[in-house]
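Student: quick one, fold the following:
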Amino acid sequence: MFIDVTNIRKIPGKTFHFDLTEDLRPLALGNDSIEFLNPVRVSLDVRNTGKVIVFSGRFDGDTELVCSRCVERYPCHVGFDFNEEFCHESDVQGLSEEVRDPEEVHIFQGNKVDFGSVLRENLYLNIPMKSVCDEGCKGLCAHCGVNLNNETCQCTNEEIDPRMEVLKKYFNR
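Tutor: Coordinates of the predicted model:
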């Protein structure tokens, strides 16, 4: 997702608004990949502050994640606000006077900003590391692997301290 900033760079103080709809390629997340079920929506304001171009707005998309308790896929809405600063390589001198943290400003060349890569970084930060289909998810039985949300397992929940195993054998005679 490239944004042409040719006209934006010419008019300091002006804000441009974009409503974007984009098909995102799947994101690799560990051994899994995250695919969006439909095109994602981005509401984007691009403001020229002088040397810095500020991209701010909202991302919304629907995907399926795998529950870390029951290992079932479930639909998940991913939505977050973002605020990213960009600076053309020719304007880097004196940048520290205009922004609080020059290390967090993205430097670009030419007249196009690769906003897609920054958006993917934000996606990785906003997708939960341990996703759960429901707060009340019971997960899988540790012994037989049955999904406890759908059925009850036949395992005995009797856990005996290994130090007391000798007493159990004594009483079972």
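Student: how about the helices in the chain?
Tutor: Assigned by DSSP state H, the helices in the chain fall at 6-10, 95-98, 115-126, 165-171.
Student: and the contacts of the first one?
Tutor: The reference is to helix 6-10. The contact list for helix 6-10, computed with C-beta atoms under 8 Å, 6 or more residues apart in numbering, reads Lys14, Phe16, Val46, Asn48, Ile53, His88, Asn111. C-beta: built from backbone N, CA, C; applies to glycine.
Student: please state the offset of it from the chain centre?
Tutor: What separates the centre of helix 6-10 from the centre of its chain is 30 Å, taken as C-alpha atoms, centre = their mean, to the nearest Å.
Student: my guess is Phe82 contacts Asn122. True?
Tutor: Yes. Contact criterion C-beta atoms under 8 Å: Phe82 and Asn122 qualify, at 5.1 Å.
Student: quick check: domain ranges of the protein?
Tutor: Domains of the chain are assigned by automatic domain parsing as 2-137, 138-173.
Student: hang on, the earlier thing: out of Phe82 and Asn122, which sits in the busier spot?
Tutor: Counted by other C-beta atoms under 10 Å, Phe82 and Asn122 do not tie: Phe82 has more neighbours, with 19 against 16.
Student: ok, now how distant is the more buried one from Val54?
Tutor: Separation of Phe82 from Val54 (C-beta to C-beta, to the nearest Å) stands at 11 Å.
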